[in-house]
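Student: could you look at this predicted model? Sequence included:
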Amino acid sequence: MKWNAEIKLPNSRAAGAGAILLGFIVAAAIGLYLLKGMVDAQYAELDAKNTQIAALQRRLKMPATAPAAASDANVFLAGANYTLAANSLQQRIVEMVEQSGGKIVSVSTETPQATEQTSRRVVVQVRCELDNDALQNVLYGLEAGRPLALIDGLNVQRMAQNESEKNDGKRSPRLTVELRVVGFYRGTKS
């Protein structure tokens, strides 16, 4: 009696081919998913660059303003005391935001601590809604203009867009901007 050591599996080749085919299908699906992610990232980058180009084109069309002569202007805020100087800085910021087409949400002045009352420093906090171009104008006007104002804090968040704004690619997105601006005043000579 001879033993036949060969065991025959009826569909071993078919099962192996099916497993290989399934492996190719899974690999192709993963590859397509990764490719889709890369394409989506490229579209997002292209969209961001188109937005930057559109903003730069709008800025090129804007008239150039000559910077004010720094030697003639006073670097200190108007006002002989803290309250008058704070009011002067608040008015300046509000005017800049409104002239740039923005909307003021809130304006407040930080009350100085007892140790800071002699420092002659004024801090104003502003929350407003602007677009990219208006934000650039406000920041440039504050830091390049006179009286001297320094941006101590800046927080910018993109506002949620409705459907009509999403379809209009020509307009810059609206931003919620929180500014902390510092200015200085001379005070009265004692």
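Tutor: Arrived safely, thanks for sending.
Student: number of nearby residues for the residue nearest to residue 130 when sequence neighbours are not counted?
Tutor: Once flanking residues are discounted, residue 130 sits nearest to residue 102: 4.0 Å by CB to CB, 6 or more residues apart in numbering. Using the backbone N, CA and C atoms, a C-beta is placed for each residue, glycine as well. The local packing of residue 102 (other CB atoms under 10 Å) involves 22 other residues.
Student: name the single longest helix found in the chain.
Tutor: helix 12-61 (DSSP state H).
Student: report the distance from the next helix or strand after that one to the chain centre.
Tutor: Under the assignment DSSP states H and E, the closest C-terminal helix or strand after helix 12-61 is helix 82-99. Centroid separation for helix 82-99 versus its chain: 23 Å, with CA atoms, centre = their mean, to the nearest Å.
Student: ok, and what's touching helix 82-99?
Tutor: 77-79, 103-104, 107, 109, 112, 117, 120, 122, 124, 126, 128, 130, 134, 137-138, 141-142, 147, 149, 179, 181, 183-185 (CB atoms under 8 Å, 6 or more residues apart in numbering).
Student: which members of the residues you listed are classed as buried?
Tutor: Among the contacts of helix 82-99, the ones that count as buried by 16 or more other CB atoms under 10 Å are 77, 79, 107, 109, 112, 120, 122, 124, 126, 128, 130, 134, 137-138, 141-142, 147, 149, 179, 181, 183-185.
Student: now, those residues that are in strands?
Tutor: 107, 109, 122, 124, 126, 128, 130, 149, 179, 181, 183, 184 (DSSP state E).
Student: ok, the residues you listed vs residue 53, which is closest?
Tutor: Distance to residue 53 across these (CB to CB) is lowest for residue 130, with 20.0 Å.
Student: does that closest one touch residue 174 like I think?
Tutor: Yes: here residue 130 reaches residue 174: they are 7.4 Å apart, a contact under CB atoms under 8 Å.
Student: ok, the residue nearest to residue 130 - contacts?
Tutor: By CB under 8 Å, 6+ apart, the neighbours of residue 102 are 128, 129, 130, 131, 134, 135, 138, 177.
Student: quick one, phi psi at it?
Tutor: Here is the backbone geometry of residue 102 (degrees, to the nearest 10): phi -90, psi 180.
Student: could you measure from it over to residue 132?
Tutor: Residue 102 is 11 Å from residue 132, where distance means CB to CB, to the nearest Å.
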